[in-house]
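Asker: Okay, predicted coordinates and the sequence, questions at the end:
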Amino acid sequence: MGTIRYTSEKSFSAEQVEKLFLSVGWVSGQYPQRLHRALMGSSLVLTAWDDEQLVGLVRALDDGELTAYVHYVLVDPAYHGRGIAGHMIERLKERYRDYLYIEVMPEESKNAPFYQRFGFKVMEDGVAMQIVNPGERY
């Protein structure tokens, strides 16, 4: 494992994101073409690279002015413990420093302490909600 390189260039392939997302067991990795298109259309995608291997990714969606939503923070398990996710979160915070809100919705409550280390606070009366569209449209 070499030096980790970070970039906001969307220079990754569908195969690279598929491998990364499947490494952490995320279902979206099973739809690499759709995932790649979604990432290419995202406001910000920060990536971490070990030579030519995609080892980490953070995605944000924003409204261009007030609010940025962090969606996807993942690091290949072989690279855990190297501060990669934290470094990407700090870069994201810098990018959105002039926004009123930077919001994240951890899908598992056990991940909240990670985000709290970087200044995120649990919303006092907040609750996560979503619709999962059924069917084999993927």
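Answerer: The structure has been received and is ready for your questions. Numbers count the residues shown, from 1 in each chain.
Asker: Give me the buried stretch members for stretch 46-65, please.
Answerer: Of the residues in stretch 46-65, 46-50, 54-62 count as buried by neighbour count, 16 or more other CB atoms under 10 Å. All C-beta atoms are positioned from the backbone trio N, CA, C, and that covers glycine.
Asker: Show me which pair in those is furthest apart.
Answerer: Pairwise distances across those peak at 27.8 Å for Asp50 and Asp62 (criterion: CB to CB).
Asker: Met1: which of the buried residues of stretch 46-65 is nearest?
Answerer: Nearest to Met1 among the buried residues of stretch 46-65, with distances taken as CB to CB, is Asp50, at 5.8 Å.
Asker: In CSV, list the C-alpha atoms belonging to the biggest helix by length in the chain.
Answerer: Looking across the chain with DSSP state H, the single longest helix is helix 84-95. Only the C-alpha atoms of helix 84-95 are listed here, as CSV (Å, rounded to 0.1, in the frame of the first residue of the first chain):
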residue,chain,number,x,y,z
ILE,A,84,-8.9,8.0,4.6
ALA,A,85,-12.6,8.6,5.4
GLY,A,86,-11.8,11.4,7.8
HIS,A,87,-9.5,13.1,5.3
MET,A,88,-12.3,13.0,2.7
ILE,A,89,-14.8,14.4,5.2
GLU,A,90,-12.4,17.3,6.1
ARG,A,91,-12.0,18.1,2.4
LEU,A,92,-15.8,18.0,1.9
LYS,A,93,-16.3,20.4,4.9
GLU,A,94,-13.8,22.8,3.4
ARG,A,95,-15.6,22.7,0.0
